[in-house]
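> build me a structure from this.
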Amino acid sequence: MKEKEPEKVEKGEIITFTTEQGRTMITHRVAENNKEKHFFVTKGDSNQYQDTKPVKWENLQGTVVFCIPFAGYVLNFTGSRTGKIAAVFFLFAIYLATEIFEGQIKRRVR
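Alright, predicted model coming up:
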């Protein structure tokens, strides 16, 4: 995240901001930067409609500089029961493949 002056934020940029209560941070794309009234209209990429509450400039935490596409899907999957089972299976498969590969190398050295 990079600090940026609110008046320099452009439409289409991704920003992180806090809610009015200040307890939750949200990252959404800017649909409009109202420079007269000092607020942003935002929309989550997965949401069909723009957010109902405008974001005050003072709630801006920064702009996103780097993102990994679809990382949220991976995190959600690994947090689920199925994802945890798949992760254990994947790690076991890597361990097993390593043991088999090392065994073949040791046999060749002898």
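> so, low pLDDT: which residues of this protein?
105-110 (pLDDT under 70).
> how near is the residue nearest the centre of it to Lys11?
Averaging the C-alpha coordinates of the chain gives a centre point, and the residue nearest to it by C-alpha atoms, centre = their mean is Gly72 (5.4 Å). Per C-beta to C-beta, to the nearest Å, Gly72 is found 23 Å from Lys11. For the C-beta atoms, the positions are set from N, CA and C on the backbone; glycine is no exception.
> what helices or strands is the longest strand anywhere in the chain leaning on?
Among all segments of the chain classified by DSSP state E, the strand with the greatest residue count is strand 25-34. Counting contacts by 3 or more C-beta pairs under 8 Å, 6 or more residues apart in numbering; DSSP states H and E, strand 25-34 is packed against strand 14-18, strand 39-43.
> mind listing the strands the first one pairs with, and their directions?
Right, the one you point to is strand 14-18. The sheet places strand 14-18 alongside strand 25-34 (antiparallel), strand 60-63 (antiparallel), with pairing taken from DSSP bridges.
> what sits up against the longest strand of the chain?
Applying C-beta atoms under 8 Å, 6 or more residues apart in numbering, the external contacts of strand 25-34 come out as 6-7, 9-19, 40-45, 50-51, 54, 61, 64.
> that strand to strand 39-43, inter-axis angle?
Angle between the axes of strand 25-34 and strand 39-43 is 120 degrees (criterion: axes from the mean of the first three to the mean of the last three C-alpha atoms, to 10 degrees).
> in strand 25-34, which residues are buried?
Going by neighbour count (16 or more other C-beta atoms under 10 Å), the buried part of strand 25-34 is 27-30, 33.
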